[in-house]
Every structure is written in structure tokens, then in C-alpha cells.
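Trainee: quick one: sequence plus predicted model below, questions after.
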Amino acid sequence: MIAALGTFRADATFHAMTNQRTPAPRRGLSATLLLLGIVIGGGARALLEPYSPPAPAPQVTNPSGTTQAIQRLQAAQQEVTEQLKAIQESLASDHANAKQLSDQVSTVSDKLTSQVNSVSDKLEGLRQSFASQPAAAAPVPEAARRRGTR
């Protein structure tokens with residue numbers, strides 16, 4: 001009974017009480033208008049191009065003094081760049097040498113500190129050894145003994 005009232009199509013168009021189809025949209029018209037616009041635009045450009053002013057030519061004329069000055073400046077710039085690179089390499093080398101010397105000084109300092117601590121420990125052991133022994137009578141020199149016997 002629903003089919004008698006109308007049809008329902010997949011494109012969500014409902015036709016009440018009729019079986020007529022709606023005409024498909026005209027896609028050919030859009031393409032024709034686009035092509036017509038391109039052709040008219042290209043034709044207008046082709047017709048107007050001879051009347052447009054020519055592009056300015058680059059100025060090649062340069063006084064020889066200015067050219068020579070520019071060349072000298074470029075050569076000086078190149079020389080300064082090379083000198084800067086040489087200085088940077090020298091600084092990097094000096095930095096590496098300073099680091100190596102610093103590491104060597106640190107190693108020697110550590111060894112010296114270790115040796116000083118070892119000697120200090122031995123000295124402290126000797127002090128304690130002498131402090132624990134009883135004080136002995138001072139030995140009398142032999143010359144003093146001979147005088148006393150006479």
C-alpha cells in the first residue's frame with residue numbers, strides 16, 4: 001500500500017503520486033562555461049600583449065672603478081674569511097693542548113697528594129712509637145767520661 005502512494009529512491013528524493021524521474025543535473029554546462037572562460041582569457045592576453053610595455057633591461061654598464069673596487073672588496077673578504085678559519089683551527093688546537101695539560105697536572109697533583117698523605121701517616125706512626133717508649137737517660141759522651149775518671 002505504501003508503494004501506491006509514491007516511490008522512495010536511494011538519493012532521498014520522494015516523488016508523491018507520480019513515477020516521473022527528475023532530470024539529472026547538467027554537468028556539461030559547467031565544463032563548457034569553464035572552457036569558454038579559459039579561451040576568452042587567453043585570447044584577451046594574446047591581443048593585449050603587444051601593447052604592454054617591455055620589461056626594463058638590466059643595466060650592465062658599470063664604471064670600471066666601481067668594478068675594481070668590488071673585486072678588491074671580494075678578495076679582501078675572502079682573505080679575512082681564510083684568516084678567520086685559520087684562527088679558529090689554531091684556537092681549537094690550543095684548547096685541546098690546554099685540556100691535555102690540565103689533565104696531566106691533575107694526575108700529578110693526585111699522585112703528589114697521595115705521596116704526601118703516605119709520608120704523613122708514616123711520620124705519625126713514628127711519633128706514636130717514640131711517645132710510647134719510656135724516656136731513657138741521655139748517654140754520656142765518652143769525652144765526658146774520661147774527665148770524670150781522672
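Mentor: Yep, it's here.
Trainee: pLDDT weak spots in the protein?
Mentor: The chain contains residues with pLDDT under 70 at 1-27, 51-52, 57-63, 135-141, 143-150.
Trainee: okay, strands next: where are they in it?
Mentor: Remark: strands assigned in the chain by DSSP state E are 6-8, 14-16.
Trainee: could I get the full set of helices for the protein?
Mentor: 2-5, 27-48, 64-132, 142-149 (DSSP state H).
Trainee: and of those, who's closest to residue 56?
Mentor: helix 27-48 (19.1 Å; C-beta to C-beta). Heads up, the C-betas are built off the backbone N, CA and C, glycines and all.
Trainee: same for that closest one, what does it pack against?
Mentor: If contacts are counted by 3 or more C-beta pairs under 8 Å, 6 or more residues apart in numbering; DSSP states H and E, helix 27-48 sits against no helix or strand.
Trainee: dump it to PDB, restricted to CA.
Mentor: Taking C-alpha atoms only, helix 27-48 is exported to PDB below (Å, rounded to 0.1, in the frame of the first residue of the first chain):
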ATOM      1  CA  ARG A  27      27.300  18.800 -15.700                       C
ATOM      2  CA  GLY A  28      28.200  19.600 -19.300                       C
ATOM      3  CA  LEU A  29      27.200  23.200 -18.800                       C
ATOM      4  CA  SER A  30      29.800  23.900 -16.100                       C
ATOM      5  CA  ALA A  31      32.600  22.400 -18.100                       C
ATOM      6  CA  THR A  32      31.500  24.400 -21.200                       C
ATOM      7  CA  LEU A  33      31.500  27.700 -19.200                       C
ATOM      8  CA  LEU A  34      34.900  26.900 -17.700                       C
ATOM      9  CA  LEU A  35      36.400  26.100 -21.100                       C
ATOM     10  CA  LEU A  36      34.800  29.300 -22.600                       C
ATOM     11  CA  GLY A  37      36.400  31.400 -19.800                       C
ATOM     12  CA  ILE A  38      39.800  30.000 -20.400                       C
ATOM     13  CA  VAL A  39      39.600  30.600 -24.100                       C
ATOM     14  CA  ILE A  40      38.400  34.200 -23.700                       C
ATOM     15  CA  GLY A  41      41.100  35.000 -21.100                       C
ATOM     16  CA  GLY A  42      43.800  33.500 -23.300                       C
ATOM     17  CA  GLY A  43      42.600  35.400 -26.300                       C
ATOM     18  CA  ALA A  44      42.500  38.700 -24.400                       C
ATOM     19  CA  ARG A  45      46.000  38.200 -23.200                       C
ATOM     20  CA  ALA A  46      47.300  37.400 -26.600                       C
ATOM     21  CA  LEU A  47      45.600  40.500 -28.100                       C
ATOM     22  CA  LEU A  48      46.800  42.900 -25.300                       C
END
